[in-house]
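**Student:** coordinates for the following, if possible.
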Amino acid sequence: MPINEALFAAMKAASFVKPNARKSYRLQRMAEELIARAAPANPKSRVDDATAAMPDGHALPLRVFTPVAPYGAPPPKTQTEDGSDVPIPTPRGTILFFHGGGWVTGGINLYTQACAHMAVRLQRRVISVEYRLAPEYRFPTAAEDCYEAARQLFAGELELPATPAGEGAPDPNDIVLFGDSAGGNLAAAVSLMARDRGEFMPRTQMLLYPVVGNDYNPDTSPFESVRSNGTDYILTAQDMADYVDMYRSSVQDLTNPYFAPITAHNLSGQPRTLVLSAEYCPLRDEDEAYARRLQLVNGDHAVSCYRVSNGVHGYLLNTSAVELVATTYRLIEHFLDGTPLAAPAAGAAGGTAGAADTTMAAASTVSTASTASSADGAPRTTEGGAAWRDVLGTD
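**Tutor:** I've put the predicted structure just below:
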């Protein structure tokens, strides 16, 4: 779907003048903190802070978001400390959320508004993890932080504030791993680590435009979206290359499946998975290829993959991307709760949400056997071709 011309021009200009990620990440962090301080609170979500003790003694900050009003209902007008004087919904489960930011920026403060909305919209408790950032803490620190937070959550070891119904530790069967961008990478890594270590096993993971690859050089990447979407849509291929270099500890990390999940030779035993790619994201094709590989070994029933039309990387935090965020939550609700999706409009391509449906922007069901496109727009199979097999490996 063609993107709005004015929006495209603005994004192209912003991408052109954006400073080098290696040199500007500290300034980016400072700017994000200012943005976070200015964000309004969500009266429908209670916010509590907690910590998880890491094996090296680090106290890992967590932020817990609990819905205190149904989505679409007004916030409670009066409420005692324990919420006993107002009808408050019981959360349907718990989402363990890993934020994006290229493993280098982002944090629970920047994502507070998004996580509060997530908790209310999905009527689930959301636990956001403040994993340690690169380049100060390189791979595998972030992955290990997220794994340990997940392990403790599944084991009931975290000291969490009670829900309005008095629940503390969540039911492990109702815990969902969710991450966007680098956080999607970490969610996928945690699932692989959990399978390999055998201490717990998530039943469900959701990956929003996740980083799953390792090569963002337009000359060598096997994925066309690195070339077609790698210069003009805010997140550039060069940004991704810089983030990868700042996160890795050595060149050997590039083929570690906990660093780049798509390089895993064995993707069996993975949770039921939702992959959401963005149409104008440089990661689009690797995301859809990852969904295909998961599907090949775990079964069609275990993987759902959608491409969000007109989506650009990072839209979850974009307050002007109301339709894109609404689309995302409709797809998540369908995946988690079986909420029906709108039928396609008359004349719409199969698998595309109807344009006449004002509650949902377009999102295409990806046929993951042929998700990438060649330079001339013709579909090509992400599974086929020597480059894909040689660089990424197959099961």
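**Student:** show me where the stretch 151-300 of the chain has strands.
**Tutor:** 175-180, 204-208, 272-278 (DSSP state E, counting those that start in this stretch).
**Student:** okay if I get those as CSV plus distance to Met54, mean pLDDT and mean neighbour count?
**Tutor:** In this view, the C-beta of every residue, glycine as well, is placed from N, C-alpha and C. Formatted as CSV, the strands of the stretch 151-300 of the chain follow (distance: least, Cβ to Cβ, whole Å; pLDDT from 0 to 100; neighbours: other Cβ atoms under 10 Å):
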stretch, distance to Met54, mean pLDDT, mean neighbour count
strand 175-180, 18, 99, 25
strand 204-208, 22, 99, 25
strand 272-278, 27, 98, 25
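**Student:** redo these as a markdown table? Include distance to Tyr243.
**Tutor:** Output for the strands of the stretch 151-300 of the chain, formatted as a markdown table (distance: least, Cβ to Cβ, whole Å):
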| stretch | distance to Tyr243 |
| --- | --- |
| strand 175-180 | 14 |
| strand 204-208 | 17 |
| strand 272-278 | 17 |
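**Student:** now do stretch 145-162: everything it contacts.
**Tutor:** The contact list for stretch 145-162 (Cβ atoms under 8 Å, 6 or more residues apart in numbering) reads 46, 48, 50, 52, 54-55, 58, 60, 62, 64, 66, 94, 96, 98, 127, 129, 131-132, 168-170, 172, 175, 177, 186-187, 189-190, 193-194, 199-200, 202.
**Student:** ok, 7 Å please
**Tutor:** 48, 50, 52, 54-55, 60, 62, 64, 96, 98, 127, 129, 131-132, 168-169, 172, 175, 177, 186, 190, 193, 199-200 (Cβ atoms under 7 Å, 6 or more residues apart in numbering).
**Student:** next one: stretch 101-117
**Tutor:** By Cβ under 7 Å, 6+ apart, stretch 101-117 touches 25, 28-29, 32-33, 35-36, 39, 42, 45, 47, 61, 63, 65, 97, 99-100, 126, 128, 130, 133-135, 142, 181-182, 243, 246-247, 316-317.
**Student:** thinking again about what came up before, closest to Val308 out of the strands of the stretch 151-300 of the chain?
**Tutor:** Shortest separation from Val308 across the strands of the stretch 151-300 of the chain is recorded for strand 272-278, at 5.3 Å, computed as Cβ to Cβ.
**Student:** now the buried members of the contacts of stretch 101-117.
**Tutor:** 25, 28-29, 32, 42, 45, 47, 61, 63, 65, 97, 99-100, 126, 128, 130, 133-134, 142, 181-182, 243, 246-247, 316-317 (16 or more other Cβ atoms under 10 Å).
**Student:** show me those that map onto helices.
**Tutor:** 25, 28-29, 32, 142, 182, 243, 246-247 (DSSP state H).
**Student:** below-threshold pLDDT in the stretch 51-200 of the chain: ranges please.
**Tutor:** For the stretch 51-200 of the chain, applying pLDDT under 70 flags the ranges 77-87, 164-168.
**Student:** which residues in it form helices?
**Tutor:** 112-122, 141-155, 182-197 (DSSP state H, counting those that start in this stretch).
**Student:** and among these, the most buried is which?
**Tutor:** The highest mean neighbour count among the helices of the stretch 51-200 of the chain, using mean count of other Cβ atoms under 10 Å, belongs to helix 182-197: a mean of 24.
**Student:** mind listing the helices for the stretch 251-395 of the chain?
**Tutor:** Using DSSP H, counting those that start in this stretch, helices in the stretch 251-395 of the chain cover 284-298, 322-337, 386-392.
**Student:** closest one to Ala73 among those?
**Tutor:** Each of the helices of the stretch 251-395 of the chain has some distance to Ala73 by Cβ to Cβ; the shortest is helix 322-337, at 16.1 Å.
**Student:** who are the packing partners of that closest one?
**Tutor:** Applying 3 or more Cβ pairs under 7 Å, 6 or more residues apart in numbering; DSSP states H and E, we find helix 322-337 packed against helix 112-122, strand 272-278, strand 303-308.
**Student:** and with 6 Å instead?
**Tutor:** Here helix 322-337 touches strand 303-308, going by 3 or more Cβ pairs under 6 Å, 6 or more residues apart in numbering; DSSP states H and E.
**Student:** so who does Leu60 touch?
**Tutor:** Contact analysis of Leu60 by Cβ atoms under 6 Å, 6 or more residues apart in numbering lists 52, 54, 145.
**Student:** kindly reformat these as a markdown table containing distance to Gly230.
**Tutor:** Rendered in a markdown table, the data for the contacts of Leu60 read as follows (distance: Cβ to Cβ, whole Å):
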| residue | distance to Gly230 |
| --- | --- |
| Ala52 | 36 |
| Met54 | 35 |
| Asp145 | 29 |
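**Student:** nearest to Arg284, of the residues you listed?
**Tutor:** Scanning these for proximity to Arg284, where the rule is Cβ to Cβ, the winner is Asp145, at 27.5 Å.
**Student:** what about the closest residue in space to that closest one that isn't next to it in sequence, distance to Thr90?
**Tutor:** Of all residues not flanking Asp145 in the chain, Tyr131 sits nearest, at 4.0 Å (Cβ to Cβ, 6 or more residues apart in numbering). Noted for Tyr131: a distance of 29 Å to Thr90, by Cβ to Cβ, to the nearest Å.
**Student:** between the two, who's got more neighbours?
**Tutor:** More crowded of Tyr131 and Thr90, by other Cβ atoms under 10 Å: Tyr131, with 26 against 12.
**Student:** let me see the contact set for that one.
**Tutor:** 142, 145-146.
**Student:** save those as a markdown table, and put in distance to Ile108 too.
**Tutor:** Formatted as a markdown table, the contacts of Tyr131 follow (distance: Cβ to Cβ, whole Å):
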| residue | distance to Ile108 |
| --- | --- |
| Ala142 | 14 |
| Asp145 | 12 |
| Cys146 | 13 |
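**Student:** neighbours of Thr339, just the number please.
**Tutor:** By other Cβ under 10 Å, the burial measure for Thr339, its neighbour count, is 12.
**Student:** just checking, it touches Glu333?
**Tutor:** Yes: with contact defined as Cβ atoms under 6 Å, Thr339 reaches Glu333; the gap is 4.1 Å.
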